[in-house]
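Chemist: show me how the following folds:
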Amino acid sequence: MRFLEDMDDGDEVVLPGADRSVLSVGTVGPVSLTNDTARRTVAISGTIDRAAFQYPALLQDPRTLFKVERPAAG
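Modeler: Numbers count the residues shown, from 1 in each chain. Predicted coordinates for the structure are as follows:
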């Protein structure tokens, strides 16, 4: 529910994939409602290495949605 209610269109997100050392980067799209189902798209725009984060261990937070500081481009 937080992914639908606590985020705004255009917010940036990172998502884990099969290779946990690389995260997908994308932006959140609008919420769509269909037959009692709420969905929100994410447009993937690239990847970022998990090791690029100053504290990669923060990415193990058990919450499904949480904020971390994005690493500087490099």
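
Chemist: now what about stretch 46-65, what contacts it?
Modeler: 2-3, 6-7, 14, 16, 20-25, 68-69, 71, 74 (C-beta atoms under 8 Å, 6 or more residues apart in numbering). For the C-beta atoms, the positions are set from N, CA and C on the backbone; glycine is no exception.

Chemist: buried members of those residues into PyMOL, please.
Modeler: Here is the PyMOL selection string for the buried members of those, based on 16 or more other C-beta atoms under 10 Å:
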select buried, resi 3+7+14+23
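
Chemist: which among the contacts of stretch 46-65 gets closest to Leu33?
Modeler: Using C-beta to C-beta, Phe3 comes nearest to Leu33 of these, at 14.1 Å.

Chemist: name the helix or strand for the closest residue to the closest one other than its chain neighbours, please.
Modeler: Distances taken as C-beta to C-beta, 6 or more residues apart in numbering place Leu65 nearest to Phe3, at 5.6 Å, with adjacent residues excluded. Per DSSP states H and E: Leu65 is located in neither a helix nor a strand.
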